[in-house]
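1. Okay, here's the prediction I keep looking at, along with the sequence it came from:
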Amino acid sequence: MRLLDPLERRIAAALQFDGRRSWSQIAEVLGEPERTVARRGCELIEARLVQVAGLRPQSTSVIIRVQTAPGTTRATANALAQRRDSTFSYTMTGGVDCVAEVLTEADLMPALLTDEIPGTVGLVRAVSYPVMHYFRTIRGWQPDLLTEVEADALRAGVTTDTWSLQEPQRLSRVDNEIVEALCQDGRVSCERLARLTGVSNATARRRTEWLLQNNHVYIRAVVEPASVGLPVEAFLWIRSDPKNVEAVGRDLAASPLVRYAAAVAGDYQIVANVTAKDQAALYACVTSAPWVAHTKSIDVSLLLEAFKRGGRVLQPARI
């Protein structure tokens with residue numbers, strides 16, 4: 001993974017705040033020439049160092065912790081990554097070989113957990129952790145690369161981390177086609193959306209804004225932590241008294257090191273994905289951060305390889 005230079009990191013951070021913001025607006029906030037920002041930003045996207053895409057909401061989410069047969073871990077992670085309903089798939093250290101998240105409709109969950117997931121190639125055992133509440137998703141991850149003034153100028157109401165589990169709503173043909181296009185390319189222009197759906201530019205713009213404002217699709221910018229100087233990544237499996245879960249979750253969500261944190265059902269109460277510049281920083285995170293005092297135990301699994309992030313497949317389909 002190539003390390004982004006300082007300007008590239010700032011452009012990536014701007015897209016994390018608002019993935020649909022124009023290059024001219026980003027350049028103005030960053031105080032850089034528009035031509036330079038547009039060129040460097042397009043290069044980041046073309047090289048897939050930053051991927052901007054939409055994600056449809058669903059009513060149910062589950063984190064799946066997987067043990068695999070010897071020699072099959074990468075094949076299992078790849079199979080989970082190729083699922084349309086998975087949002088991430090990683091290989092890990094320790095007692096968990098893979099971890100993945102799946103978003104689906106509530107009535108599909110029984111078949112998912114009893115038939116589909118157990119049939120995944122290489123899988124020996126899977127433990128499911130239904131998500132009850134999100135404290136942070138990668139949509140809200142901001143690794144502290146911009147000043148507060150710049151962040152405030154770029155922050156948009158339709159791209160703040162307001163993800164919630166909800167039943168998908170019935171949409172018109174045009175709205176569904178717009179959502180599908182945004183899921184493929186979160187920066188697709190309204191002019192392109194108009195051509196795809198056969199409506200006027202004004203209608204495409206109005207429908208896109210309505211879909212975003214009403215959370216029928218969520219735009220997120222996917223950035224590899226290692227590319228912005230955070231190469232150490234781990235999952236924390238946290239046990240806490242029920243009365244402390246909310247406080248621990250809020251504290252995790254306030255940290256720029258935390259990409260993802262959710263309250264779950266099962267033998268752990270919170271699952272969090274954290275990043276760090278080195279092992280010492282990760283050690284400090286899990287031993288001396290203020291929220292640690294409100295936990296009973298923390299199991300740490302280091303992330304070895306990401307096959308999918310934010311609903312975007314990162315690795316080619318290989319075993």
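-> That came through, no problem. Numbers count the residues shown, from 1 in each chain.

2. List phi and psi for the nearest residue to Gly19 once chain neighbours are set aside.
-> Of all residues not flanking Gly19 in the chain, Val52 sits nearest, at 3.9 Å (CB to CB, 6 or more residues apart in numbering). The way it works is simple: take the backbone N, C-alpha and C, and place the C-beta from them, glycine included. When read as degrees, to the nearest 10, the backbone of Val52 gives phi -110, psi 120.

3. can you give me the helices for the stretch 201-319 of the chain?
-> Remark: helices assigned in the stretch 201-319 of the chain by DSSP state H, counting those that start in this stretch are 201-213, 242-253, 279-288.

4. I figured Leu103 was touching Ile64, is that so?
-> No. Counting by CB atoms under 8 Å, Leu103 stays clear of Ile64, with 11.8 Å between them.

5. the more surrounded of these two?
-> Shown here are Leu103 and Ile64; by other CB atoms under 10 Å, Ile64 has more neighbours (22 against 19).

6. In three-state terms, label that one for me.
-> Three-state assignment for Ile64 (DSSP: H, G, I helix; E, B strand; the rest coil): strand.

7. Which strand residues bridge Val313?
-> Beta-bridge partners recorded for Val313 (DSSP bridges): Lys308.

8. What is the burial count for it?
-> Val313: 16 surrounding residues under other CB under 10 Å.

9. Could I get the contacting residues of it?
-> 81-82, 307 (CB atoms under 8 Å, 6 or more residues apart in numbering).

10. Pull out the buried members of these.
-> Neighbour counting by 16 or more other CB atoms under 10 Å classes 81, 307 among these as buried.

11. and the contacts of Val313 as a markdown table, adding pLDDT?
-> Listed next are the contacts of Val313 as a markdown table, based on pLDDT from 0 to 100:
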| residue | pLDDT |
| --- | --- |
| Ala81 | 97 |
| Gln82 | 96 |
| Phe307 | 96 |
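
12. closest to His294 among the contacts of Val313?
-> Distance to His294 across the contacts of Val313 (CB to CB) is lowest for Phe307, with 32.7 Å.

13. what's the spacing between the closest one and Val274?
-> The gap separating Phe307 from Val274 is 19 Å, by CB to CB, to the nearest Å.
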